[in-house]
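[1] mind looking at a prediction? Sequence and model below.
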Amino acid sequence: MVKVTARLITEQGWQAVTMSRLAAELNVSRQTVYNEVGAKPQLAEAVVLAELDRFLTVVTAAFDEHPDDVLKAINAAVRGVLELAQDNALLHAVVSATHGANTELLPLLTTHTDGLLDAAKTVVSRSLKTYELSLKPKELGIAVDLIVRHVLSHVMQPSNEPKKTADAVTWAAAKLLA
């Protein structure tokens, strides 16, 4: 259901997604769609969370690939996330939604980010705990918060190519984690 919804969003925008349309695409009844996901705001949340999972999988893989070098892991994670964002049709459809458009997706990414931030910070914190860092838990929490928020801002509004941004974030992370 989420994949079909994502396709509809990228092809026609969130405003074109209705429960009836989704039901027709899936060859099920409209009631089945409501039973599975609830109302349209819950569908929006499910789409955003599924996409977040794709990004966090990239982060986890980067840390797994560099178990002995935290800065290489951070660089690979940031670069991977930014490269995924760069070519992400769903993200572009949400971010470039017409000003004033009726969308529940953009607020989930911008103003209601607590769930997104918490999930991202949890994954990064868990990954960083496998390295020997000299930071106290509170300090590590601050560093993770700064890094995650900074990367999220570049996901939403890139200012440079992924490699250069990843290098800049890695430099900052080295200062924060020292």
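    Okay, I see it.
[2] pLDDT (mean, whole number) over the one helix or strand residue 91 maps to?
    Secondary-structure assignment from DSSP states H and E places residue 91 in helix 89-95. The average pLDDT for helix 89-95 rounds to 78.
[3] pull out the buried positions in stretch 13-31.
    13, 14, 17, 19, 21, 22, 23 (16 or more other Cβ atoms under 10 Å). To be clear about C-beta, it is placed using only N, CA and C from the backbone, and glycine gets the same treatment.
[4] based on its surroundings, how many neighbours for residue 40?
    17 (other Cβ atoms under 10 Å).
[5] that one reaches residue 16, doesn't it?
    No: the criterion here is Cβ atoms under 8 Å, and residue 40 misses it with residue 16 at 11.9 Å.
[6] circling back: what helices or strands is the helix holding residue 91 leaning on?
    helix 2-12, helix 40-65, helix 105-109 (3 or more Cβ pairs under 8 Å, 6 or more residues apart in numbering; DSSP states H and E).
[7] residue ranges with poor pLDDT in this protein?
    The chain contains residues with pLDDT under 70 at 95-114.
[8] any idea how far residue 161 is from residue 86?
    Residue 161 is 8 Å from residue 86, where distance means Cβ to Cβ, to the nearest Å.
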